[in-house]
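A.B. asks: below are the sequence and a predicted model for it; my questions follow.
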Amino acid sequence: MTQDEMKQAVARAAIDYVVTGEIIGVGTGSTANFFIDELGKIKERIKGAVASSEATAERLRSHGITVFDLNDIDTMSVYIDGADEITAQGAMIKGGGAALTREKIVASVAKQFVCIADGSKLVDKLGAFPLPVEVIPMAQAVVARKLAALGGEPRLRVKDGKPMVTDNGCYIIDVLGLQIQDPAVLEAQINDIVGVVTVGLFARRGANIGLLGTVDGVKRLNF
Ligand code: 5RP
């Protein structure tokens, strides 16, 4: 089974968590894209979706799924998204696709976070994947110095020779080599740096359910 086949399998399994007649929160990335394609097949069952990025909104619309503004939604039953790393406790690193801030915002409105990922994303300890931090552009240098003081090696994410710009008009600093002993503590510490928009640690509000693709099928974890 390839990594993509595992992602497709968890995307199909996540359909079981879609609540009929409701608005679904939808993440960003290749696994989320497989989920959107599955959602397209049952679109008559849902009222619509809230997207965590412009790319996700566009893909949802291409399937004829109505995309709602989060400001018009009080609550939603479920948010479904991938992860770059996830622990057996449901803490995650996210933001490989640069959508971490909107992902965290949409997830905060949902009662349940269902994380869909291929099994390679399950780790004992977070941090092998560089930790994405979204920053206000003018604060890029000062934030990078503070991240280095925490023991990491900050690198500004670049695209086509220029700083990559997020959907929010901000930059991403990827931090390598951090020792993440307590993800929830580090999440609060980095979020507290002036100039940081969001850190890609999802620990204080981690996943509630993990659907992980393995060669033996989809493994379900309850956190
Ligand atoms: C985007 C994310 C994605 O969920 C994460 O990068 C995983 O992506 P993929 O499903 O392509 O492996 O956080 O910001």
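C.D. replies: Arrived safely, thanks for sending.
A.B. asks: got the residues of the chain near the ligand?
C.D. replies: By Cβ under 6 Å from any ligand atom, the residues of the chain that approach the ligand are 27-32, 81-84, 94-100, 103. Every residue, glycine included, has its C-beta placed from N, CA and C.
A.B. asks: among these, which are in helices?
C.D. replies: Among those, DSSP state H puts Ser30, Thr31, Ala32, Leu100, Glu103 in helices.
A.B. asks: just put those in JSON lines and tack on pLDDT and neighbour count.
C.D. replies: Formatted as JSON lines, these follow (pLDDT from 0 to 100; neighbours: other Cβ atoms under 10 Å):
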{"residue": "Ser30", "pLDDT": "97", "neighbour count": "15"}
{"residue": "Thr31", "pLDDT": "98", "neighbour count": "29"}
{"residue": "Ala32", "pLDDT": "98", "neighbour count": "28"}
{"residue": "Leu100", "pLDDT": "98", "neighbour count": "28"}
{"residue": "Glu103", "pLDDT": "98", "neighbour count": "31"}
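A.B. asks: possible to save those as a markdown table with distance to Leu147?
C.D. replies: A markdown table is the format used below for these (distance: Cβ to Cβ, whole Å):
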| residue | distance to Leu147 |
| --- | --- |
| Ser30 | 27 |
| Thr31 | 27 |
| Ala32 | 27 |
| Leu100 | 15 |
| Glu103 | 20 |
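A.B. asks: going by distance to Val185, which of those wins?
C.D. replies: Leu100 (18.3 Å; Cβ to Cβ).
A.B. asks: tell me which element Asp37 falls in.
C.D. replies: Assessed by DSSP states H and E, Asp37 sits inside helix 30-41.
A.B. asks: local confidence estimate at Gln179?
C.D. replies: Note for Gln179: predicted pLDDT of 88.
A.B. asks: surely Asp81 is in contact with Ser30?
C.D. replies: No: between Asp81 and Ser30 there is no contact under Cβ atoms under 8 Å: 11.6 Å.
A.B. asks: what sits against the residue nearest the centre of the chain?
C.D. replies: Taking Cα atoms, centre = their mean, the centroid of the chain lies closest to Lys94, which sits 4.5 Å from it. The contact partners of Lys94, by Cβ atoms under 8 Å, 6 or more residues apart in numbering, come to Asp81, Gly82, Ala83, Asp84, Leu100, Glu103, Lys104, Pro132, Gly200, Phe202.
A.B. asks: where's it relative to Asp192, distance?
C.D. replies: 19 Å (Cβ to Cβ, to the nearest Å).
A.B. asks: got it, and Gly161?
C.D. replies: From Gly161 across to Asp192, the span is 32 Å (Cβ to Cβ).
A.B. asks: these two - which one has more neighbours?
C.D. replies: Applying other Cβ atoms under 10 Å to Gly161 and Asp192 shows that Asp192 carries more neighbours, namely 10 against 5.
A.B. asks: show me what contacts Glu134?
C.D. replies: Contacts of Glu134 by Cβ under 8 Å, 6+ apart are 95, 98, 100-101, 166, 168, 170-172, 196-200.
A.B. asks: secondary structure class for it?
C.D. replies: strand (DSSP: H, G, I helix; E, B strand; the rest coil).
A.B. asks: not counting sequence-adjacent ones, nearest residue to it?
C.D. replies: Excluding the flanking residues, the one nearest Glu134 by Cβ to Cβ, 6 or more residues apart in numbering is Val197, at 4.1 Å.
A.B. asks: just confirm that neighbour contacts Cys170, I think it does.
C.D. replies: Yes: Val197 is within contact range of Cys170, at 5.4 Å (criterion: Cβ under 8 Å).
A.B. asks: all set, thanks.
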